[in-house]
Every structure is written in C-alpha cells, then in structure tokens.
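>>> sequence and predicted structure are below.
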Amino acid sequence: MKNKYIIEVRDVNGQLDFRAEDVKRLEHPFLFSKREFTIDDLTYYVSYGQGRDKPSGPMELPTFMAEAGIEYRIKTW
C-alpha cells in the first residue's frame with residue numbers, strides 16, 4: 001500500500017492558516033485539487049506542473065514545497 005499525503009498551509013506557530021491557504025490555492029491549484037496525493041503525484045507536479053520541464057525526484061520535493069510555503073505529510077487516518 002502506498003502512503004497518501006495531505007497538503008496543508010501552516011503559520012510560523014504550526015497552526016493551520018486558512019487565509020494563506022486561499023492565496024496558495026491560486027498559486028498552486030493542483031495541490032488543492034484532491035484530498036490526498038501519492039508521492040508520485042507530488043513529484044510529477046514538482047517536475048512538470050505549471051509549465052515546468054525539470055524532471056525531479058522525491059529528494060527535491062521538500063525544497064520545492066518549503067519554497068512554495070506549503071507543507072505535506074503522510075495521511076494517518
């Protein structure tokens with residue numbers, strides 16, 4: 001079974017930030033198009049989403065997401 005990941009936008013205190021999420025939804029609509037993603041989904045987005053043509057692997061995902069101001073974590077329920 002593959003892990004599923006959820007996308008969250010949090011403030012500096014670690015609390016969910018719904019106002020910032022509204023902005024991130026406009027900047028990265030794919031990341032908010034589903035409730036959960038596989039690592040393959042996220043890696044494909046980093047590589048080719050929004051006109052990018054830069055093949056990337058899972059190792060680049062943390063950097064990309066941090067620069068975008070979006071967190072992801074394994075869905076635990």
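Here it is on my side, so go on.

>>> any low-confidence regions in this protein?
1 (pLDDT under 70).

>>> so which residues of it form helices?
Applying DSSP state H to the chain gives helices spanning 18-27, 39-48, 61-68.

>>> now mean neighbour count and distance to residue 75 too, for those, in TSV please.
To be clear about C-beta, it is placed using only N, CA and C from the backbone, and glycine gets the same treatment. Below are those laid out as TSV (neighbours: other C-beta atoms under 10 Å; distance: least, C-beta to C-beta, whole Å):
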stretch	mean neighbour count	distance to residue 75
helix 18-27	12	17
helix 39-48	17	12
helix 61-68	14	16
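
>>> in JSON lines: those helices, plus distance to residue 5.
Putting these into JSON lines (distance: least, C-beta to C-beta, whole Å) gives the following:
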{"stretch": "helix 18-27", "distance to residue 5": "15"}
{"stretch": "helix 39-48", "distance to residue 5": "6"}
{"stretch": "helix 61-68", "distance to residue 5": "9"}
